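**Student:** Quick one: sequence and predicted model below, then my questions.
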Amino acid sequence: MELLEYLQYGFIQRALICGSFIALLCSTLGVILVLRRFSLIGDGLAHVTFGTVALGLFFRIYPLYVSIPLVMLCSLGILKLTQRARLYGDAAIGVVSSFGIAGGVLLASVAGGFNVDLFSYLFGNILAIGQGEMVISVVLSIVVLTVILLFFNDIFSMTFDEEFARVSGIGTERLNTTLVLLTAVTVVLSMNVVGIMLISALLILPAVTALQLARGFKDAMLISACAALASVVGGVFISLAMNLPTGATIVMTNFLLFLTAFAFRVARQRSHAAKS
Amino acid sequence: MPVKIIEVDHLHFSYNSIPVLEDVSFCVEAGSFVGLVGPNGSGKTTLVKLILGLATCRRGAIRLFGQEISDFRLWAKVGYLPQSLSALNPYFPSTVREIVGLGLLSGKRFPRTVSHPDKRVIDGVLDLLGIASIGDTRVGELSGGQQQRVLIARAMVNKPALLILDEPTAALDPEARDSFFGILKDLQETKNTSIILVTHDIGSIGKYADHLLWIDRKLLFYGGFDEFCKSDRMTRLFGADSQHIICHRH
């Protein structure tokens, strides 16, 4: 079957539409998180998502509805621990993420296993995304991207120099809270695309690819978005053509793009050095 | 009657129960050039942070442009250069123009954007500081002195009525330092800009500042530089030979 023929199938269309929006979302937020040295929050919140999915399954509520508010709450917990409990960001993430994983394992044990395969949440299945999930993902992605666009320069200023941003009248505390809440929503939405185990790859890899090549902040956002889109679209088609798991293929495509960008930067640096 | 830009009234500040500032009171008038000096750990940077609302004082009061610091919103009037050049991330993807443009955001309403006319303003300040040729360079690729000038440009681009600079000349060579002090003096004289400059270099600041604010946890001296040079306090602080070294402009 030719690759373009796949496009006539609804499940492929949904995978590409949903995956592309999530890719845009992760890649733009990822640049901010990586530059603020807070990129592991994606990993931490993904572990929390494991606990909230288990909670949803335990009470027979659709996991996405349970996960979004609870993961948002835990993201605020990480922020407060960093600010109030004199913990560094990575330690605060560790505290909340271990709580999430332990909670999930305990719930799964108490329930004696779930009818739904918890494994599918761990590794995701973008090809199984339903119409309702796609609509939720697209709408929430548009909301999050709009917030990022509206506060673009505020976020840029705060990411570069938080102290200066405060003296510019930017409400950094409110903006920090908004960013962690947006990250929480993004992590939950990404669960279907690459699974809980690989969410942080979707946040970090396009961003670090962009940092190899970009000169400016806007360039970094654009390159990151392009890399993420290419890896989702490429990953979906490669996985179909080669009968591979889609989430893992998306992440490996992302990794290959990073290696290419890294090699390109090193070659460019050597060429500049040779000229001078 | 001279306009009061900064009023600090019986300010106390402690960090983890250790007193950092005790009963500091002074007032800066419009158009003053104040050199803020003192030994390491004397509370200079803390005082700057309190004045800018970056730290909260629990005893005493601070007013900026007549407003209590907790209610102050006129940030477009203030330009600030933080001390922490070393905290600058060398891998941050940002050009010099983008960074200088951030200095214009304080005068903008939501959503804050840098417009086309702003780009001319940015080019103007880059030209003034002699860094126009590196406008499109990534900040991480610059030397320490060039990065310092970029951050100075960011503080100055909004043409603030009050400039607060925390050790701005630390990474500058003597030529760039003299040129920078000349720009500040010009801003003070032509635009009536008030300047507070934190420094250890009391010799250089004496050439340009008209007021000296000396702190070492407590306020040791605040007044005109000429007055300081004639005072017994200077001899007590720096020794008998200091007159020649510090007050060489006189």
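**Tutor:** Looks like it arrived, so ask away.

**Student:** Show me which residues of chain B are close to chain A?
**Tutor:** Selection of chain B residues close to chain A by CB under 8 Å from any CB of the partner chain yields B:52-54, B:73, B:75-76, B:78, B:80, B:82, B:84, B:87-89, B:91-95, B:98-99, B:102-103, B:105-106, B:108, B:110-114, B:136, B:138, B:154. From N, CA and C alone the C-beta is placed, and that goes for glycine too.

**Student:** May I see the ChimeraX selection of the buried members of the residues you listed?
**Tutor:** Burial among these is assessed by 16 or more other CB atoms under 10 Å in any protein chain shown; the matching ChimeraX selection reads:
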select /B:52,53,54,75,76,78,80,82,88,92,93,94,95,98,99,102,103,105,106,108,112,114,138,154
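
**Student:** out of the residues of chain B next to chain A, which are inside strands?
**Tutor:** If you go by DSSP state E, those have B:78, B:80 in strands.

**Student:** Tell me the secondary structure at residue B:121.
**Tutor:** helix (DSSP: H, G, I helix; E, B strand; the rest coil).

**Student:** mind checking the longest helix of chain B?
**Tutor:** Using DSSP state H to define each element, chain B has its longest helix at helix B:174-191.

**Student:** For burial, what's the neighbour tally of the residue nearest to residue B:201 when sequence neighbours are not counted?
**Tutor:** Once flanking residues are discounted, residue B:201 sits nearest to residue B:169: 6.6 Å by CB to CB, 6 or more residues apart in numbering or on different chains. By the measure other CB atoms under 10 Å in any protein chain shown, the count of residues near residue B:169 is 22.

**Student:** Any idea how many residues pack against residue A:243?
**Tutor:** Using other CB under 10 Å: residue A:243 sits among 6 other residues.

**Student:** Could you check stretch B:174-181 and say which residues are buried?
**Tutor:** Those would be B:176-177, B:180-181, for stretch B:174-181 by 16+ other CB under 10 Å.

**Student:** where in chain A is pLDDT low?
**Tutor:** A:1, A:114-117 (pLDDT under 70).

**Student:** would you turn the buried residues of stretch B:174-181 into JSON lines with pLDDT?
**Tutor:** Output for these, formatted as JSON lines (pLDDT from 0 to 100):
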{"residue": "B:176", "pLDDT": "81"}
{"residue": "B:177", "pLDDT": "83"}
{"residue": "B:180", "pLDDT": "84"}
{"residue": "B:181", "pLDDT": "87"}
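
**Student:** can those go into JSON lines with extra columns for distance to residue B:190?
**Tutor:** Converted to JSON lines, these look like this (distance: CB to CB, whole Å):
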{"residue": "B:176", "distance to residue B:190": "21"}
{"residue": "B:177", "distance to residue B:190": "21"}
{"residue": "B:180", "distance to residue B:190": "16"}
{"residue": "B:181", "distance to residue B:190": "15"}
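
**Student:** could you pull out the helices for the chain?
**Tutor:** Here I'm looking at chain A. Under DSSP H, chain A gives helices at A:10-35, A:41-58, A:63-84, A:89-111, A:118-123, A:131-150, A:152-160, A:162-167, A:172-194, A:199-213, A:217-242, A:246-275.

**Student:** other chain: chain B
**Tutor:** B:44-51, B:96-101, B:116-128, B:144-156, B:174-191, B:202-208, B:225-230, B:232-238, B:242-246.

**Student:** most packed of those?
**Tutor:** Highest mean neighbour count of those: helix B:96-101, a mean of 25 (counted as mean count of other CB atoms under 10 Å in any protein chain shown).

**Student:** What average pLDDT does it get?
**Tutor:** What helix B:96-101 shows for mean pLDDT is 95.

**Student:** Which strands and helices lie in contact with that helix?
**Tutor:** helix B:116-128, helix B:144-156 (3 or more CB pairs under 8 Å, 6 or more residues apart in numbering or on different chains; DSSP states H and E).

**Student:** can I get those helices in a markdown table with distance to residue A:151 and mean pLDDT?
**Tutor:** Output for the helices and strands packed on helix B:96-101, formatted as a markdown table (distance: least, CB to CB, whole Å; pLDDT from 0 to 100):
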| stretch | distance to residue A:151 | mean pLDDT |
| --- | --- | --- |
| helix B:116-128 | 18 | 93 |
| helix B:144-156 | 19 | 90 |
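
**Student:** picking up where we left off before, wait, the residue nearest to residue B:201 touches residue B:200, no?
**Tutor:** No: with contacts counted by CB atoms under 8 Å, residue B:169 stays clear of residue B:200, the gap being 9.7 Å.

**Student:** sorry, back to before: quick one, which of the helices of chain A gets closest to residue B:20.
**Tutor:** Nearest to residue B:20 among the helices of chain A is helix A:162-167 (17.5 Å), distances taken as CB to CB.

**Student:** does chain B sit close to that closest one?
**Tutor:** Yes: interface with chain B: helix A:162-167 contributes A:163-167 (CB under 8 Å from any CB).

**Student:** tell me the contacts of the residue nearest to residue B:201?
**Tutor:** Residues counted as contacts of residue B:169 (CB atoms under 8 Å, 6 or more residues apart in numbering or on different chains) are B:148, B:177, B:180-181, B:199, B:201, B:204.

**Student:** and it, backbone torsions?
**Tutor:** Note on residue B:169: its backbone torsions stand at phi -100, psi 10 [degrees, to the nearest 10].

**Student:** Give me the distance between residue B:148 and residue B:212.
**Tutor:** Applying CB to CB, to the nearest Å, the value for residue B:148 to residue B:212 is 23 Å.

**Student:** Check which residues of stretch A:74-82 are buried.
**Tutor:** A:74-75, A:77-79, A:81-82.

**Student:** Same question for stretch B:20-40.
**Tutor:** Buried residues in stretch B:20-40, counted by 16+ other CB under 10 Å: B:20-22, B:24, B:26, B:28, B:31-38.

**Student:** Output these as CSV; include the columns pLDDT.
**Tutor:** Formatted as CSV, the buried residues of stretch B:20-40 follow (pLDDT from 0 to 100):
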residue, pLDDT
B:20, 93
B:21, 95
B:22, 94
B:24, 95
B:26, 96
B:28, 95
B:31, 93
B:32, 94
B:33, 94
B:34, 95
B:35, 93
B:36, 94
B:37, 91
B:38, 89
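
**Student:** show me what contacts the residue positioned nearest the centre of chain B?
**Tutor:** The residue lying closest to the centre of chain B (CA atoms, centre = their mean) is residue B:165, at 1.9 Å. Shown in contact with residue B:165 (CB under 8 Å, 6+ apart): B:80-81, B:152, B:155, B:195-198.
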